[in-house]
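Novice: any chance you can model this:
(chains A, B, C and D)
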Protein chains: 2
Amino acid sequence: MNKKRVLIVDDEEDMRFLVCMYLENSGFECLQAENGEEALELVKQTKVDLILLDIMMPNIDGFALCERIRALSDVPIIFLTARGDEWDKVKGLKLGGDDYVVKPFSPGELVARIEAVIRRSTYHNEHKADGLLSFGAMQIDEKGRKVVVEGKEVVLTLKEFDLLLFLAQHRGQAFSREDLLMRIWGYDYTGNARTVDTHIKTLRLKLKEYGRFIKTVWGIGYKFEV
Amino acid sequence: MNKKRVLIVDDEEDMRFLVCMYLENSGFECLQAENGEEALELVKQTKVDLILLDIMMPNIDGFALCERIRALSDVPIIFLTARGDEWDKVKGLKLGGDDYVVKPFSPGELVARIEAVIRRSTYHNEHKADGLLSFGAMQIDEKGRKVVVEGKEVVLTLKEFDLLLFLAQHRGQAFSREDLLMRIWGYDYTGNARTVDTHIKTLRLKLKEYGRFIKTVWGIGYKFEV
DNA sequence: GAAATCCTTCACAAATTTCTCACAATTATT
DNA sequence: AATAATTGTGAGAAATTTGTGAAGGATTTC
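Specialist: As a prediction, the model looks like this:
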């Protein structure tokens, strides 16, 4: 699994630096923004997996910024706040913040919260209503049952599509041939497990260099990994 | 913009009340229904912008209710479900639920989902409002129930028109024959699924080269794609 | 009530996909 | 280095799905 990118928005440099250090030690990649404008710019220009947002900032406060970010993206937001009262919580959540952490906080708690929110969010995003998965220049449109690589459609058969979709939806997870048969072909399917290999073969052929996303896990089966 | 009206269908009163409170705080107007009958009655008699539908209910379950609502209206539906086996059903289901949210959910997430679905849906409806869909030199006039290709009217029968309209309104999305029968012929229609093929055939014939917009999705059904 | 139109079903041909198998290539084990 | 286990691959048979014409039933129109 690739590193998750967290954007830290806080006007205090020390605070940003401290949090950044914690998170990088815990395996996250960090971006920093000193104010709302910087934050918005980063959200527009780069893929961010989660935002840590200080409520108390000059010029534009965290709540207002949250609204403006929400207009651009569904990226999960965790509020950092010194005020721990219930009103803040309700107001924050109402605006689309996904959690909040009260300062001062322990590094462990913060990391745990971040991981929980990201887990929830990727879980949902993978199964989003518009059913669109993107991996670089490859897009999988679940509802349209269509795969586009570098702007051109790659025509897949039913089983090929189902197989690719399933693996992509469970990115990073390895499955045995039997698992795949069970979950894609159905519980009652009784057929040769090597059939999976054949479909993997044609998938790799059709996807050309993007077939590299489908990895062989020797002795186990296959997985999808970017 | 006037307030959007959300119908909450859940047999647990506490749940309804809680969700209702959150939504009203976020600027929605709420209706509540304790069971399927109440829900159907409200859908028939009032304008509803979105339905939040609990899957697990006594008597009539959420899936069945969804079908019956779909027979009446295209109002967007978000399923509420506890994580577990029934979740898989939702995923597999393409009966016209527009999204689903897994319990427990954060208020912020719920509101965000609702807003996203409503935004998408009213966008769609605004386009529908003038009831004119255009695809190159082909126009579908919903209100006039008339199709014009390169300036000349193509005379379609009732079912042909409904089928073309439905597919065109859900451009890019693949539907099984059963889905199409359900949503165009009605949820209680019991007929041969291949009937759809026959209508597709005559549609393609009548639309001539514009019949290419109707694509066969092998092993699944059909979709409309420009 | 007759005629015309529309909808549905059916059967068969055509197209496409899926599966199996055998052997080659690769990777792990002794 | 030899052997065993696992995976890659090509070809073709088997199975599935779709296209289509024809025909009968249903519905609407006159």
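Novice: lowest-confidence helix or strand of chain A?
Specialist: One helix or strand of chain A scores below all others by mean pLDDT, DSSP states H and E: helix A:86-94, with a mean of 47.
Novice: any idea which element A:Ile140 lies in?
Specialist: Using DSSP states H and E, A:Ile140 falls within strand A:138-141.
Novice: so which elements touch that strand?
Specialist: strand A:132-135, strand A:146-149, helix A:158-169 (3 or more CB pairs under 8 Å, 6 or more residues apart in numbering or on different chains; DSSP states H and E). Every residue, glycine included, has its C-beta placed from N, CA and C.
Novice: what's the following helix or strand past the second one in contact with?
Specialist: The element immediately downstream of strand A:146-149 (helix or strand, assigned by DSSP H and E) is strand A:152-154. Contacts with strand A:152-154, where a contact means CB atoms under 8 Å, 6 or more residues apart in numbering or on different chains, come from A:Lys146, A:Val147, A:Val148, A:Lys206, A:Leu207.
Novice: tell me the one among those residues nearest to A:Thr157.
Specialist: A:Lys206 (9.5 Å; CB to CB).
Novice: surely the closest one is in a strand?
Specialist: No. Assessed with DSSP: H, G, I helix; E, B strand; the rest coil, A:Lys206 is helix; it does not lie in a strand.
Novice: so the closest residue to it other than its chain neighbours bridges to which residues?
Specialist: Once flanking residues are discounted, A:Lys206 sits nearest to A:Val154: 5.3 Å by CB to CB, 6 or more residues apart in numbering or on different chains. Assessed by DSSP bridges, A:Val154 has beta-bridge partners A:Val147.
Novice: residues from chain A in reach of DNA strand D?
Specialist: Residues of chain A found near DNA strand D (CB under 7 Å from any atom of the strand) are A:Arg194, A:Asp197, A:Thr198, A:Ile200, A:Lys201, A:Arg204, A:Thr216, A:Val217, A:Trp218, A:Gly219, A:Ile220, A:Gly221.
Novice: what about A:Arg145, how many neighbours?
Specialist: 22 (other CB atoms under 10 Å in any protein chain shown).
Novice: against B:Arg70, how distant is it?
Specialist: Using CB to CB, to the nearest Å, A:Arg145 is found at 21 Å from B:Arg70.
Novice: about what we covered before: could the helices and strands packed on strand A:138-141 go into TSV alongside mean pLDDT and distance to A:Gly108?
Specialist: Shown next, in TSV, are the helices and strands packed on strand A:138-141 (pLDDT from 0 to 100; distance: least, CB to CB, whole Å):
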stretch	mean pLDDT	distance to A:Gly108
strand A:132-135	76	32
strand A:146-149	90	41
helix A:158-169	95	31
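Novice: by neighbour count, which of the residues of chain A next to DNA strand D wins?
Specialist: A:Ile200 (21 neighbours).
Novice: between helix A:158-169 and the helix or strand hosting that one, find me the angle.
Specialist: Per DSSP H and E, A:Ile200 falls inside helix A:195-207. Per axes from the mean of the first three to the mean of the last three CA atoms, to 10 degrees, the angle that helix A:195-207 makes with helix A:158-169 is 80 degrees.
Novice: contacts for helix A:195-207, please.
Specialist: A:138, A:147, A:149, A:154-157, A:159-160, A:163-164, A:177, A:180-181, A:211, A:213-214, A:216, A:221-222.
Novice: quick one on the thing from earlier: quick check: pLDDT value at the residue nearest to A:Lys206.
Specialist: You'll see A:Val154 listed with a pLDDT of 95.
Novice: the residue lying closest to A:Val75 once chain neighbours are set aside: neighbour count?
Specialist: Nearest residue to A:Val75 in three dimensions, chain neighbours excluded: A:Val48, at 5.4 Å (CB to CB, 6+ apart). Neighbour count for A:Val48, taken as other CB under 10 Å: 20.
Novice: hmm, back to that, so which of the residues of chain A next to DNA strand D are also by DNA strand C?
Specialist: Okay, of the residues of chain A next to DNA strand D touching DNA strand C (CB under 7 Å from any atom of the strand), that's A:Arg194, A:Thr198, A:Trp218, A:Gly219.
Novice: let me know the closest of these to A:Leu132.
Specialist: A:Thr198 (27.6 Å).
Novice: contacting residues for the residue of chain A found nearest chain B?
Specialist: Of all residues in chain A, the one sitting closest to chain B is A:Leu158 (3.3 Å; CB to the nearest CB). Contact analysis of A:Leu158 by CB under 8 Å, 6+ apart lists B:Trp218, B:Gly219, B:Ile220.
Novice: before we move on, back to that, off-centre distance for the strand holding A:Ile140?
Specialist: Relative to its parent chain, strand A:138-141 has a centroid offset of 15 Å by CA atoms, centre = their mean, to the nearest Å.
Novice: not counting its neighbours along the chain, what's nearest A:Tyr189?
Specialist: A:Leu181 is the one closest to A:Tyr189 (CB to CB, 6+ apart), at 5.5 Å.
Novice: do I have it right that the one you found meets A:Asn192?
Specialist: No. Assessed by CB atoms under 8 Å, A:Leu181 is found out of contact with A:Asn192, at 9.1 Å.
Novice: more neighbours, those two?
Specialist: The neighbour comparison of A:Leu181 against A:Asn192 (other CB under 10 Å) goes to A:Leu181, with 19 against 10.
Novice: re earlier: show me what secondary structure element comes after the helix holding A:Ile200.
Specialist: Past helix A:195-207, the next helix or strand by DSSP H and E is strand A:214-217.
Novice: can I get the CA coordinates of that following strand in CSV?
Specialist: Extracted in CSV, the C-alpha atoms of strand A:214-217 (Å, rounded to 0.1, in the frame of the first residue of the first chain):
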residue,chain,number,x,y,z
ILE,A,214,-1.9,-7.2,-11.6
LYS,A,215,0.9,-8.9,-9.7
THR,A,216,1.5,-12.6,-9.3
VAL,A,217,1.9,-13.6,-5.7
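Novice: so what strands line up beside that strand?
Specialist: Short version: by DSSP bridges, strand A:214-217 pairs with strand A:221-224 (antiparallel).
Novice: and A:Ile69, which of the three is it?
Specialist: State at A:Ile69, reduced to three classes by three-state DSSP: helix.
Novice: what's the separation between it and A:Ala39?
Specialist: 7 Å.
Novice: A:Ala174: what's it in contact with?
Specialist: With CB under 8 Å, 6+ apart, A:Ala174 has these contacts: A:Val217, A:Ile220, A:Gly221, A:Tyr222, A:Lys223.
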